[in-house]
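>>> Dropping the sequence and predicted coords here.
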Amino acid sequence: MSHSEDFNLQAFLPYLLNQAAEQSSLEFHQIYKDRYGMLRTEWRVLFHLGLFGCMTAGEIVDAAKIHKTKISRAVHRLAERRFLTRTRREDDRRVELLKLTPRGVAVYEDLRGIARAYDDALSSQFDEEELEILRRALRVLAQMPKAENVKGQ
């Protein structure tokens, strides 16, 4: 058996998920990049603050599942552009509370409307049952613990 026969990359679930994520987010990525010069992590930070209000960078790391250095860079860039404020917590000066500025809220509201329309367009490719199954399956995968016993088999 050749190596190409014992592994099908086109059927490998992580590969398929990555391909689907990249393809489905390309157009929306171009919108927030063109309108506001944002990178992917920046819009994700912006949306977490828009949805949940005041948060710490650590809370965003946990919620968004993005490495802390990427979140730190995004917070720095958003603060430079006056989309968010950083305030040290009184009880722990090492922790900053992040909050959208009025300018950040306006950007969030603009992109939220676009995101809704974009999600509607993507969702229209499926019937209601398919869409519910897809969303449920993706939530399960997003919450899945690390796979056991796969190292060095």
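Looks like it arrived, so ask away.
>>> While we're on residue 144, how confident is the model there?
At residue 144, the pLDDT value in this model is 82.
>>> gap between it and residue 80?
36 Å (Cβ to Cβ, to the nearest Å). Every residue, glycine included, has its C-beta placed from N, CA and C.
>>> and if you look at residue 143?
34 Å.
>>> Next, residue 97: secondary structure please.
Residue 97 falls in the strand class when you classify it by DSSP: H, G, I helix; E, B strand; the rest coil.
>>> pretty sure it contacts residue 87?
Yes: with contact defined as Cβ atoms under 8 Å, residue 97 and residue 87 form a contacting pair (4.8 Å).
>>> Which one's more surrounded, those two?
residue 97 (16 against 11; other Cβ atoms under 10 Å).
>>> what about residue 133, how many residues close to it?
12.
>>> Quick check: pLDDT value at it.
Predicted confidence (pLDDT) for residue 133: 97.
>>> can you tell me which residues contact the spatially most central residue of the chain?
For the chain, the residue nearest the mean C-alpha position is residue 44 (4.8 Å; Cα atoms, centre = their mean). By Cβ atoms under 8 Å, 6 or more residues apart in numbering, the residues touching residue 44 are 60, 64, 66, 74.
>>> residue ranges with poor pLDDT in the protein?
1-5, 147-153 (pLDDT under 70).
>>> Strands of that one, start to end?
55-56, 84-88, 96-100 (DSSP state E).
>>> any idea how far residue 143 lies from residue 58?
19 Å.
>>> These two - which one has more neighbours?
Legend: neighbour count by other Cβ under 10 Å for residue 143 and residue 58, higher for residue 58 (12 against 7).
>>> Could you tell me which residues make contact with that one?
68, 95 are the contacts of residue 58 under Cβ under 8 Å, 6+ apart.
>>> ok, now residue 107?
Contacts for residue 107 (Cβ under 8 Å, 6+ apart) come out as 36, 46, 83.
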